[in-house]
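[1] structure for the following, please:
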Amino acid sequence: MNLPFLKKKDAVAFDIGSNSIKLVQMSQTKKGWELTKLGMAELPPEAIVDGSIIDSMTVTNTLKDLIREHGVKVKDAVSSLTGHSVIIKKVSFPAMSEEELADSIQWEAEQYIPFPITDVNIDFQILGADTEGRGQMDVMLVAVKKDVINDYTNVIKEAGLNPVVIDVDSFALENMMEINYPVAPGENIAMVNIGASITSISVIFAGLTIFTRSIPMGGNQFTEEIQRQLNVSFKDAEEMKTGKKAEGETPIAPAVESIASNLTFEVKRSLDFFLGGSQGSYVSKIYLSGGGSLAPGLKDLMQEKTTIPAEVVNPFKNVEANPKHFDKEKLKDSAPFFAVAVGLATRRFADR
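    Now for the predicted structure:
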């Protein structure tokens, strides 16, 4: 509950991915959201693998560089996790109050978690009573390995910040969609976030995430295939993939077609699985985000193979950005990279 007389503390958001760290800070005005800080710094390969931090010193130093370069003064920081250390499941529990579930969640959740229950932090969101009158309720269960959370909070602390929330990528994307692409009542939309090494697929219904799946595929595979077929450096291949650099006489479409087909197949399979278990449900649109969403032809192929309209998101669509501080074209070109970070940057905290 947001009480009007409680002062809200600003926070800076960091989307710490396997290829780069994205920084976003926004302020809330009477007109809506305003962008105040924006930055991105690359990480070397193997610094973060499958959502786990391998080289904490490099990640910490990269955070410090971003903070210094962009003059960040705020100390409270928000970040998020993805990958196989994060378990998100929609499950049914006997109908009970939120307080009762909070008291019993440890043993209620144990059967759904593939890790020892003492090794994870658990959270939940009650989605509502079932529609079949079985005395059950649907719950979105979230479990994250404690050691992974500790790794992320430690690098943030070492960078001189105060980690106030470690969220999950799919929920951050839910927040980003809420301010830019409000979902109509009764409408299901799919969110496909294509990171460097992990693609997360989620379905949002009436503003709530009701299905998620992560697959070990991402933008790096497009880049590596361009690199292999065109015999160029990884950096040049990355710039070709995102349209920052012309590919010359050799078109890159054939190089990305096989990867795009595999990724599209996995998205279609995930959505078919969701629809098969949700009678009467449908997905009206697919929104793509992440650096991999810029791969040539991917959006059109996704649309063709799933028969669902697809669109690459602009997380700054309803965010005010002062043209004196932010180049409009550069912002537009880099927008898909910042979808998670924008969602994280909407988090506010009561200063009690």
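[2] I54 and S18, how far apart?
    Per CB to CB, to the nearest Å, I54 is found 10 Å from S18. From N, CA and C alone the C-beta is placed, and that goes for glycine too.
[3] now K330
    Counting by CB to CB, the separation of K330 from S18 is 23 Å.
[4] then T62?
    Counting by CB to CB, the gap from T62 to S18 is 12 Å.
[5] with V142 instead?
    To S18, V142 is 21 Å away according to CB to CB.
[6] quick one on the thing from earlier: neighbour count: I54 and S18, which is higher?
    More neighbours surround S18 than the other of I54 and S18, with 24 against 13 (other CB atoms under 10 Å).
[7] ok, the most centrally placed residue in the chain - contacts?
    Nearest to the mean C-alpha position of the chain, counting by CA atoms, centre = their mean, stands D169 at 3.2 Å. Shown in contact with D169 (CB atoms under 8 Å, 6 or more residues apart in numbering): D15, S80, L81, T82, N193, S200, V340.
[8] just the pLDDT for L3.
    Looking at L3, its pLDDT stands at 38.
[9] go on, G51?
    What the model reports as pLDDT for G51 is 81.
[10] so it versus I126, what's the distance?
    26 Å.
[11] most neighbours out of the contacts of D169, which is it?
    Neighbour counts for the contacts of D169, by other CB under 10 Å, peak at V340, which reaches 33 neighbours.
[12] list the contacts for it?
    V340 touches D15, K22, S80, D169, A172, L173, M176, N193, S289, G290, counting by CB under 8 Å, 6+ apart.
[13] output the residues you listed as TSV; include the columns distance to K30, pLDDT and secondary structure.
    Below are the contacts of V340 laid out as TSV (distance: CB to CB, whole Å; pLDDT from 0 to 100; DSSP: H, G, I helix; E, B strand; the rest coil):
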residue	distance to K30	pLDDT	secondary structure
D15	27	96	strand
K22	27	96	strand
S80	28	93	strand
D169	30	91	helix
A172	24	93	helix
L173	26	94	helix
M176	21	95	helix
N193	31	95	strand
S289	28	96	strand
G290	32	94	coil
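[14] that older thread, any shared contact partners between T62 and S18?
    Joint contacts of T62 and S18 (CB under 8 Å, 6+ apart) are L43.
[15] each with direction, which strands does the stretch of helix or strand I189 belongs to pair with?
    I189 belongs to strand 188-194 when assigned by DSSP states H and E. For strand 188-194, the paired strands and their directions (DSSP bridges) are strand 199-205 (antiparallel), strand 285-289 (parallel).
[16] what sits up against it?
    Here strand 188-194 makes contact (CB under 8 Å, 6+ apart) with 169-170, 173-174, 177, 181, 183, 199-205, 218-219, 263, 267, 271, 281-293, 295, 298, 302, 308, 339-340.
[17] distance from the chain centre to that strand, please.
    Offset of strand 188-194 from its chain centre (CA atoms, centre = their mean, to the nearest Å): 10 Å.
[18] surely A255 touches Q229?
    Yes - when contacts are counted by CB atoms under 8 Å, A255 is listed as touching Q229 (4.2 Å).
[19] between those two, tell me which one has more neighbours.
    Neighbour totals were compared for A255 and Q229, and A255 leads with 25 against 15 (other CB under 10 Å).
[20] so that one versus E225, what's the distance?
    Distance, A255 to E225, by CB to CB: 5 Å.
[21] can you map out the strands along the stretch 201-350 of the chain?
    Assigned by DSSP state E, counting those that start in this stretch, the stretch 201-350 of the chain shows strands spanning 208-215, 285-289, 310-312, 319-320, 349-350.
[22] helices or strands up against the longest one?
    Taking 3 or more CB pairs under 8 Å, 6 or more residues apart in numbering; DSSP states H and E as the contact definition, the neighbouring helices and strands of strand 208-215 are strand 86-94, strand 120-129, strand 136-145, helix 169-180, strand 199-205, helix 253-276.
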